[in-house]
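Enquirer: The following comprises the amino acid sequence and a computationally predicted model.
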Amino acid sequence: TKVRGAVLVAACHTDLGIESEAIAGYYNRPWEWERIKANAGFLVQYADREDPFIPFEEAAHVAASLGIEPIASSRNDHFMTSDFPELLEMLMGKIGAGPDT
């Protein structure tokens, strides 16, 4: 099923060597980047160059694999905040005006 779009925030593609992430099983099979691209009307990625948990290289790999440029910031907060107006603005631009936006 194709989705209208996907927004990735602080995305990574490996378990980062963290045992609990490895146990979760999210990273134990190859990513199907082409299928992800084909099944999303749009893809947007936010990445923090100063993220305390996700190295920017992880986000850069995800972006390159999806053929997009990450929207990079230096927030140093892992996007763990209720104040993220640029996300709302981007979403309104993508979906706010109707299904053809």
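Expert: Perfect, I can see it now.
Enquirer: all strands of this structure, in order?
Expert: Using DSSP state E, the strands found in the chain span residues 6-9, 43-48, 71-73.
Enquirer: got the buried residues for the helix or strand of the chain with the lowest mean pLDDT?
Expert: Lowest by mean pLDDT, DSSP states H and E among the helices and strands of the chain is helix 85-91, with a mean of 91. Buried residues in helix 85-91, counted by 16 or more other CB atoms under 10 Å: Met90. No exception for glycine: its C-beta is placed from N, CA and C like everyone else's.
Enquirer: Kindly tell me how buried Val9 is, as a neighbour count.
Expert: Number of residues near Val9 (other CB atoms under 10 Å) recorded here: 17.
Enquirer: Surely it is in contact with Thr81?
Expert: No. Contact status for Val9 versus Thr81: not in contact, 11.0 Å apart, counting by CB atoms under 8 Å.
Enquirer: May I have stretch 65-80 exported as PDB, CA atoms only?
Expert: Extracted in PDB, the C-alpha atoms of stretch 65-80 (Å, rounded to 0.1, in the frame of the first residue of the first chain):
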ATOM      1  CA  SER A  65      20.100   5.200   0.200                       C
ATOM      2  CA  LEU A  66      16.700   7.000  -0.400                       C
ATOM      3  CA  GLY A  67      18.100   9.500  -2.800                       C
ATOM      4  CA  ILE A  68      17.200  12.500  -0.600                       C
ATOM      5  CA  GLU A  69      19.000  15.300   1.200                       C
ATOM      6  CA  PRO A  70      18.500  15.300   5.000                       C
ATOM      7  CA  ILE A  71      17.300  18.500   6.600                       C
ATOM      8  CA  ALA A  72      20.200  18.900   8.900                       C
ATOM      9  CA  SER A  73      20.300  20.900  12.100                       C
ATOM     10  CA  SER A  74      22.400  21.200  15.200                       C
ATOM     11  CA  ARG A  75      19.800  20.900  17.900                       C
ATOM     12  CA  ASN A  76      21.600  18.500  20.300                       C
ATOM     13  CA  ASP A  77      18.200  17.200  21.600                       C
ATOM     14  CA  HIS A  78      17.400  14.100  19.400                       C
ATOM     15  CA  PHE A  79      14.300  16.000  18.400                       C
ATOM     16  CA  MET A  80      12.800  15.200  21.800                       C
END
